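Quick one: sequence plus predicted model below, questions after.
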Amino acid sequence: MSRIAVFFTGGTISMTSEASAGGNVPTLGGAAILERTPGLEGIAAIEAHDRPRTPASHFTFPELFDLAAAIDVALADPAVSGAVVVQGTDTIEETSFFLDLVLDATAPVVVTGAMRSASQPGYDGPANLRDAVRLAVTPSLRGEGVVVTLAGSIHAADAVTKTHATS
């Protein structure tokens, strides 16, 4: 079975509603998101990498270079077939394009997130993560660069654009 390195960085996919905070806060780490994502065990073995839960709009270049280096290290292991980055959607196109430019790997790298928090009806995080892992094990994506998947769609990193703040 393929092994996929999944990097959890925060964003809406990691959020739950907290009345005391007055809204959504990033409370879910990688293990909690994986627990909410049934069916992964039939797709790949997951190697979870928790990163600081950072809103995507707050990523700095040093953090992005550090993430890219961690992905390169994970993909240097011949047992790892691909990587997934789970992040906020505010800058998903910028992060995916950055990774596409700086990563050395030919293995599939897929970026995903969620538009709705874990407390909202229709929480889309698990479906998006499952789709991302399916893509990361797809041999035909080797050498194709970084892709983004959300809501069942797949986009090349240099062609993806977030066009609506809530969908």
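In hand now; what should we look at?

show me where the chain has strands.
Counting by DSSP state E, the chain has these strands, from start to end: 3-8, 15-18, 23-26, 45-50, 80-86, 109-112, 146-150, 153-156.

out of those strands, deepest packed?
By mean neighbour count, with neighbours taken as mean count of other C-beta atoms under 10 Å, strand 109-112 ranks first of the strands of the chain at a mean of 29. C-betas here are computed from N, CA, C, even on glycine.

Just the CA coordinates for that strand, please, in PDB.
C-alpha atoms of strand 109-112 as PDB (Å, rounded to 0.1, in the frame of the first residue of the first chain):
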ATOM      1  CA  VAL A 109       2.000  17.000  -4.300                       C
ATOM      2  CA  VAL A 110      -1.600  18.000  -3.600                       C
ATOM      3  CA  VAL A 111      -2.800  21.000  -1.700                       C
ATOM      4  CA  THR A 112      -6.300  21.100  -0.100                       C
END
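
if you average pLDDT over that strand, what comes out?
For strand 109-112, mean pLDDT is 98.

Does Val80 touch Val73 like I think?
No. Using C-beta atoms under 8 Å, Val80 is not in contact with Val73, being 9.6 Å away.

Any chance you could list what contacts the helix or strand of the chain with the lowest mean pLDDT?
Ranked by mean pLDDT, DSSP states H and E, the helix or strand of the chain with the weakest confidence is strand 23-26, at a mean of 81. Applying C-beta atoms under 8 Å, 6 or more residues apart in numbering, the external contacts of strand 23-26 come out as Gly10, Gly11, Thr12, Ser14, Met15, Thr16, Ser17, Glu18, Arg53, Pro55, Ser117, Ser119.
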